[in-house]
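> how would this look folded up:
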Amino acid sequence: MAARITSPTQSVISCTFLHGQPPERLKERVSTWGLPGLDGYGAQRMGRGNAPFAFVAVLYGTEAAIDTWITRVAAIQAEIVSVIDDWNKPHAKLLVTRVEEPIKTPAISHLGAVRGEVQLSGVTHQA
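Below is the predicted model of the structure:
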C-alpha cells in the first residue's frame, strides 16, 4: 500500500514518501493567566487536546504532475485528513493547520525527472 493523504475535497493524494512525526497521544491542556496587582497565576484545565504532528510529503514525477500534486496538497490546509505513512500506519482525524511552501527540484532517477516536497503540520482533531 502506498503512502497517501485522504482529504474530503481532494480525495486521495498519492505520495512517493510520507514521513515525519505522527501525532502524540492527547494531553491535558492548561490555560494560565495573571492579573496586574495580584500575586501568582490562575490556571484552568481545558480538556485533552494538542496532539501536534508534522509530516513531509514527497512525490517524484514529471514537472506537470508535480505542479498538479503541489496544488492539491496546498488545498488541504484547514481540512481534516487521514494519512497512511511510509510504515503503512494509518493516522486519522488530523487537522492540517499549515502547509509549508513547496520545494521543487530536479531529480534524475527512475522515479521521474522532478521531486516535489511539502511539509504539513497540525493537530489531532477531536469531534
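> which other helices and strands contact the longest strand that the chain contains?
If you go by DSSP state E, the chain has its longest strand at strand 112-124. In this structure, strand 112-124 packs against strand 52-61, helix 63-74, strand 90-99, strand 103-109, with contacts taken as 3 or more CB pairs under 8 Å, 6 or more residues apart in numbering; DSSP states H and E. (C-beta placed from N, C-alpha, C; glycine too.)
> With respect to burial, which of those scores highest?
strand 52-61 (a mean of 20; mean count of other CB atoms under 10 Å).
> circling back to that earlier point, can you give me the angle the longest strand of the chain makes with strand 52-61?
160 degrees (axes from the mean of the first three to the mean of the last three CA atoms, to 10 degrees).
> Give me the residues contacting strand 112-124.
5, 20, 23, 26, 49-63, 65-66, 69-70, 73-74, 76, 93-100, 102-107 (CB atoms under 8 Å, 6 or more residues apart in numbering).
> try stretch 81-91
Outside stretch 81-91, the residues touching it (CB under 8 Å, 6+ apart) are 1-8, 17-20, 22-23, 53, 55, 92-94, 96.
> buried stuff in that stretch?
81, 83-85, 91 (16 or more other CB atoms under 10 Å).
> Taking those residues together, which two end up most distant?
81 and 85 (12.3 Å; CB to CB).
> Flag the shaky bits of the protein, pLDDT-wise.
1, 50, 109-112, 126-127 (pLDDT under 70).
> Give the buried residues for stretch 17-28.
Here stretch 17-28 shows 17-18, 20, 22-23 as buried, counting by 16+ other CB under 10 Å.
> In strands, which of those residues fall?
17-18, 20.
> Would you format those as JSON lines with distance to residue 40 included?
Output for these, formatted as JSON lines (distance: CB to CB, whole Å):
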{"residue": "17", "distance to residue 40": "49"}
{"residue": "18", "distance to residue 40": "46"}
{"residue": "20", "distance to residue 40": "39"}
